[in-house]
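A.B. asks: How does the following fold in three dimensions:
(one chain, ligands or ions: 1)
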Amino acid sequence: MASQSESPTLPDPQADATVQVVIVGAGPIGIETAIELQRRGIDSINIDRGPLGAQIFDFPPLSRWFSGPERISIGGVPLETVAQEKATREDYLAYLRSVVRQFDLAVRTFESVEEVVPVDDGFVVRTRTAGGLPRLIQTKSVVLAVGGTAKTRRLDVPGEDRSIVADTLGEPHRYFGRRVLVVGGKNSAADSAIRLWRAGAAVTISYRGDDLHPRIKYWIRPELASCIRSGLITARFGTRVLAIGPNAVTLEQLADGSQFDELVDDVLLQIGFEADGSLFEALGCELVGPNRAVLHDSSTMETSIPGIYVAGTAVNGTQGRYEVYIENAHVHAVRIAAAMIGDPPPPDPVLPELPEA
Ligand SMILES: Cc1cc2nc3c(=O)[nH]c(=O)nc-3n(C[C@H](O)[C@H](O)[C@H](O)COP(=O)(O)OP(=O)(O)OC[C@H]3O[C@@H](n4cnc5c(N)ncnc54)[C@H](O)[C@@H]3O)c2cc1C
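C.D. replies: Presented below is the predicted three-dimensional model:
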């Protein structure tokens, strides 16, 4: 890290910039923060190491959001869906593109923020493009809207790196006629199991719990329970994966320690995500509790480092049980923008009384 007095050289003047606020992340809340800043006359740039809405881009094709459209719309721009249903991945990516265009936001994609360096009058943000080009941006403040799902969890068992193991569902058609072991027992695992079975895969679920997880969404759970009861999907409850071989997975029955092999062609890990706190750590921001949540002032979203703000799901670090999601993170954008112009913090939002999403 450069010292505060060192002024970094600009290796690529054409691409380097000076902007009031750099927002790391172009997910829903990073974009919403840019809108709220623009409304208060503050210019910003969003930098994302992936495409616009990278987390949503990685949803399987035609996945539906669990939250209703009114809860995930941003910046006051309505999100309409053709049949008044929950938005699909594709609906939402198109919506994000329209919102960015509507507000003419500066968004740079496939550019990774590698370091945020404090300097005399703010920060220098060091980035690298997908092509390997280093860039620098000088700024007064940085909003880290980096999400909480940077890394997919691993089992840490032998064979996990085999090519038959995936950690995102992708296109279910790929699995037609194949034996697939889905590892996990929450929403993503449940949804993937049903979609894979419909796409013509022979599906087995391995889950440590003794039954389906109680927090599986109320519209997914009965369908999966019915598929299991009818023998359309096989559930190996109370098991854990010990090893993954070329055509079989060794499972342990947790109750008695017995082991058996499950024949498989593919393994799909749906065991959750972990946050990447490295940018916060490098800056000296305090990460607290088992989630390594980011310590911040909840009225301004400023972290323990002045000028560094946190927004969106990044606030909560690695979420075992999701407590911060889009609908209760919209207010982060407004709090940050208000704080930057010295306005009092906005009142806490009253969320609409709708069935839990
Ligand atoms: C299958 C599935 C269904 C979901 N359904 C819902 C739902 O119904 N409702 C809901 O509220 N949430 C849902 N979620 C979670 C949802 O995706 C998040 O709530 C939402 O994306 C959070 O928005 P965000 O802007 O805070 O972070 P993210 O969308 O995670 O955006 C963070 C961005 O930061 C970028 N980034 C990270 N580090 C860097 C770096 N160093 N440099 C540059 N860029 C970086 C990432 O590429 C990413 O684009 C679901 C998630 C999954 C996987």
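A.B. asks: so what's the residue in the stretch 101-250 of the chain positioned nearest to the ligand up against?
C.D. replies: With CB to the nearest ligand atom, the shortest gap between the stretch 101-250 of the chain and the ligand falls at Gly147, namely 2.2 Å. The way it works is simple: take the backbone N, C-alpha and C, and place the C-beta from them, glycine included. Shown in contact with Gly147 (CB atoms under 8 Å, 6 or more residues apart in numbering): Gly25, Gly27, Gln55, Ala275, Gly312, Thr313, Ala314.
A.B. asks: would you turn those into TSV with pLDDT and secondary structure?
C.D. replies: Shown next, in TSV, are these (pLDDT from 0 to 100; DSSP: H, G, I helix; E, B strand; the rest coil):
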residue	pLDDT	secondary structure
Gly25	98	coil
Gly27	98	coil
Gln55	97	helix
Ala275	96	coil
Gly312	97	helix
Thr313	97	helix
Ala314	97	helix
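A.B. asks: Within reach of the ligand, which of those are there?
C.D. replies: Among the contacts of Gly147, the ones lying near the ligand by CB under 6 Å from any ligand atom are Gly25, Gly27, Gln55, Gly312, Thr313.
A.B. asks: can I get these in a markdown table with neighbour count and distance to Leu212?
C.D. replies: Output for the ones next to the ligand among the contacts of Gly147, formatted as a markdown table (neighbours: other CB atoms under 10 Å; distance: CB to CB, whole Å):
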| residue | neighbour count | distance to Leu212 |
| --- | --- | --- |
| Gly25 | 26 | 33 |
| Gly27 | 29 | 29 |
| Gln55 | 18 | 25 |
| Gly312 | 29 | 29 |
| Thr313 | 28 | 25 |
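A.B. asks: which stretches of the stretch 201-350 of the chain form strands?
C.D. replies: Under the criterion DSSP state E, counting those that start in this stretch, the stretch 201-350 of the chain contains strands at 202-207, 234-237, 239-244, 248-253, 259-263, 266-269, 273-274, 287-288, 293-294, 308-310.
A.B. asks: Could I have the CA atoms of the fourth one written out in CSV?
C.D. replies: Meaning strand 248-253. Taking Å, rounded to 0.1, in the frame of the first residue of the first chain, the C-alpha atoms of strand 248-253 are listed here in CSV:
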residue,chain,number,x,y,z
ALA,A,248,-19.5,-42.2,-7.7
VAL,A,249,-19.7,-40.0,-4.6
THR,A,250,-18.9,-41.6,-1.2
LEU,A,251,-21.5,-40.5,1.4
GLU,A,252,-21.5,-40.9,5.1
GLN,A,253,-24.7,-41.5,7.0
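A.B. asks: List the buried residues for it?
C.D. replies: Buried residues in strand 248-253, counted by 16 or more other CB atoms under 10 Å: Ala248, Val249, Thr250, Leu251, Glu252.
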